[in-house]
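Peer 1: no letters, just coordinates:
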């Protein structure tokens with residue numbers, strides 16, 4: 001219960017800080033109505049993103065190191081996925097998930113272009129994440145995802161289940 005409470009607090013704070021951009025109606029948008037539109041992916045790749053998002057500090061705070069198993073939930077264009085993959089190295093694995101097939105296609109191309117072998121693409125549902133077995137992940141990162149989730153209780157329960165006992169979420 002204590003881990004679930006910390007998980008809920010972290011995601012609630014992230015939801016309050018984030019915003020979701022309105023967009024065009026893709027098949028996923030018709031179902032959810034709030035998903036980030038794939039045609040606006042360029043907005044996620046600003047040259048100053050590393051300055052204001054501080055990915056190294058985030059990964060340090062989550063204890064992400066060589067050999068770790070981590071998940072990037074709602075990975076979008078894979079901005080964090082690429083950084084996570086380099087951080088965990090060839091002995092680690094990054095599960096990059098999104099509910100939109102178009103986002104996963106973008107990530108697939110990036111992974112191939114960079115020659116990364118440690119990224120696994122997973123298409124999840126609204127709160128079913130398609131993550132590996134229970135207790136397998138060292139960390140989960142969910143950037144600007146919580147406001148898009150309909151069934152937040154199930155979403156949080158699934159994240160908590162996927163984490164190792166000492167796993168972290170950001």
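Peer 2: Sure thing, it's come through. Since this is a predicted model, take the numbers as computed values, not measurements. Numbers count the residues shown, from 1 in each chain.
Peer 1: alpha carbons only for contacts and neighbour counts from here, please
Peer 2: Noted.
Peer 1: okay, helices next: where are they in this protein?
Peer 2: When assigned using DSSP state H, the helices of the chain occupy the ranges 2-17, 27-32, 49-53, 55-61, 79-88, 101-114, 152-162.
Peer 1: those: lowest mean pLDDT?
Peer 2: Mean pLDDT across the helices of the chain is lowest at helix 27-32; the value there is a mean of 39.
Peer 1: how deep is the closest residue to residue 117 other than its chain neighbours tucked in, by neighbour count?
Peer 2: Leaving aside its sequence neighbours, residue 117 sits nearest to residue 90 (C-alpha to C-alpha, 6 or more residues apart in numbering; 7.1 Å). As a burial measure, residue 90 scores 15 neighbours (other C-alpha atoms under 10 Å).
Peer 1: if I look at residue 90, how far off is residue 162?
Peer 2: Distance, residue 90 to residue 162, by C-alpha to C-alpha, to the nearest Å: 21 Å.
Peer 1: pLDDT value on residue 137, please?
Peer 2: Residue 137 is assigned 96 on the pLDDT scale.
Peer 1: make sure it is actually in contact with residue 64.
Peer 2: No: look at residue 137 against residue 64 with C-alpha atoms under 8 Å: they stay out of range, at 10.6 Å.
Peer 1: more neighbours: which of those two?
Peer 2: Between residue 137 and residue 64, residue 137 has the larger neighbour count (other C-alpha under 10 Å), namely 27 against 21.
Peer 1: who does that one form a beta bridge with?
Peer 2: Per DSSP bridges, the residues bridged to residue 137 are residue 163.
Peer 1: contacting residues for it?
Peer 2: Contact analysis of residue 137 by C-alpha atoms under 8 Å, 6 or more residues apart in numbering lists 68, 69, 70, 71, 162, 163, 164, 167.
Peer 1: repeat that for residue 69.
Peer 2: Contacts of residue 69 were listed using C-alpha under 8 Å, 6+ apart, and they are 88, 92, 93, 94, 95, 136, 137, 138, 139.
Peer 1: now residue 133: closest residue in space, sequence neighbours ignored.
Peer 2: With sequence-adjacent residues excluded and distances taken as C-alpha to C-alpha, 6+ apart, residue 133 is closest to residue 162, at 6.4 Å.
Peer 1: got it, and residue 82?
Peer 2: The spatially closest residue to residue 82, leaving aside those adjacent along the chain, is residue 111, at 7.4 Å (C-alpha to C-alpha, 6+ apart).
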